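# coordinates only, sequence not included:
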């Protein structure tokens, strides 16, 4: 006779629903977050190309804020 492996409660507890292939935790959420990320990245790219002084201002702000933490 062959022995069939059974899933015990401990294994089921450690697995999440995201581990099941083809199943999202929240259906459709991954596509929306991917679209949102691409939109934000494209907007930032356009902003830095059209107005390069924004990147200089951002670098200056980060440098002054981190320098203030050192004092």
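Great, that's in hand. It should be emphasised that the depicted structure is a prediction, and the values quoted were computed from it without experimental measurement.
# Tell me where this protein has helices.
All helices of the chain, identified by DSSP state H, fall at 9-14, 29-50, 53-70.
# Any chance of TSV for the ones you listed, columns mean pLDDT?
Shown next, in TSV, are the helices of the chain (pLDDT from 0 to 100):
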stretch	mean pLDDT
helix 9-14	50
helix 29-50	92
helix 53-70	87
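# Same list, the ones you listed, but as a markdown table with mean neighbour count please.
C-beta here means a position set from N, CA and C on the backbone, and glycine is covered the same way. As requested, the helices of the chain are exported to a markdown table (neighbours: other C-beta atoms under 10 Å):
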| stretch | mean neighbour count |
| --- | --- |
| helix 9-14 | 8 |
| helix 29-50 | 10 |
| helix 53-70 | 10 |
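# Tell me the spacing between residue 28 and residue 53.
39 Å (C-beta to C-beta, to the nearest Å).
# try residue 42
Plainly put, residue 42 is 20 Å away from residue 53 if you go by C-beta to C-beta.
# try residue 61
Distance of residue 61 to residue 53, given as C-beta to C-beta: 12 Å.
# who touches residue 48 in this structure?
54, 55 (C-beta atoms under 8 Å, 6 or more residues apart in numbering).
# Return the residues in contact with residue 39.
For residue 39, the contact set (C-beta under 8 Å, 6+ apart) is empty.
# next one: residue 44
Contacts of residue 44 by C-beta under 8 Å, 6+ apart: none found.
# one more time with 10 Å
Applying C-beta atoms under 10 Å, 6 or more residues apart in numbering, we find residue 44 in contact with 54, 55.
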